[in-house]
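# 3D model of this:
(chains A and B)
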Amino acid sequence: LAKTTQPISMDSYEGQEVNITCSHNNIATNDYITWYQQFPSQGPRFIIQGYKTKVTNEVASLFIPADRKSSTLSLPRVSLSDTAVYYCLVGDIGNTGKLIFGQGTTLQVKP
Amino acid sequence: SQTIHQWPATLVQPVGSPLSLECTVEGTSNPNLYWYRQAAGRGLQLLFYSVGIGQISSEVPQNLSASRPQDRQFILSSKKLLLSDSGFYLCAWSPVAGGYTFGSGTRLTVV
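Residues are numbered from 1 along each chain as shown, chains lettered A, B, ... in the order given. Here you go, the predicted model:
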């Protein structure tokens, strides 16, 4: 399974756009890129998933360059409630669907 | 719609006592099921996953075991708890191709 590297922490202010980049140099052909959000004492919540180029939903956008060795989660106009840990995962969602979580990025949104 | 139930929410157990955590999924068939553990301030560690009834894969050697007696039931057990078994235990399910949905978690404290 491809290993991911992301910043341990980030700070932002309300209303700003936040971009969290994840490196996954050893991503395999069948691997998808998935991002989760976790609040304290809660299970992670699925945010977005993609394979290549750009994916957008009502919560975030995911940018994946052509070589797929990295990806960027973009959160538009963050609020205090977006303060959480964000995990980038890479894995084959078919078959076992096994995903390995890294340490994540702790995003602190300030007023 | 699919839902995942996990209980109990909190548990305090003495060292050497047995453990049984149960997770059930509703509204889907033949899901992939997973048990994760999260130590305080740490990321999620995959403990077990299952792609079908009676099929259990262990990711790390430990004092725990898992069973899947029914299609939508996943049980995490221990015969004798250790202090190091304390943590936040999360059950998750996924369709064959798709993102995870996590349960609300069980906070286990071994004393």
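# Would you pull up the residue in chain A closest to chain B?
Closest residue of chain A to chain B, CB to the nearest CB: residue A:43 (2.9 Å). Any C-beta I mention is one placed from the backbone N, CA and C, and that applies to glycine too.
# how much space between the spatially closest residue to that residue that is not a sequence neighbour and residue A:37?
Nearest residue to residue A:43, sequence neighbours excluded (CB to CB, 6 or more residues apart in numbering or on different chains): residue B:102, at 2.9 Å. Counting by CB to CB, to the nearest Å, the gap from residue B:102 to residue A:37 is 11 Å.
# tell me, what's touching those two both at once?
A:44-45 (CB atoms under 8 Å, 6 or more residues apart in numbering or on different chains).
# on that earlier part again, wait, what's in contact with the residue of chain A closest to chain B?
B:90, B:92, B:102-105.
# for the residues you listed, which one is nearest chain A?
Checking the contacts of residue A:43 one by one against chain A (CB to the nearest CB), the nearest turns out to be residue B:102, at 2.9 Å.
# Hmm, residue B:88 and that closest one touching each other?
No: using CB atoms under 8 Å, residue B:102 is not in contact with residue B:88, being 10.9 Å away.
# Is residue B:108 located within a helix, as I assumed?
No: assigned with DSSP: H, G, I helix; E, B strand; the rest coil, residue B:108 falls outside any helix and is strand.
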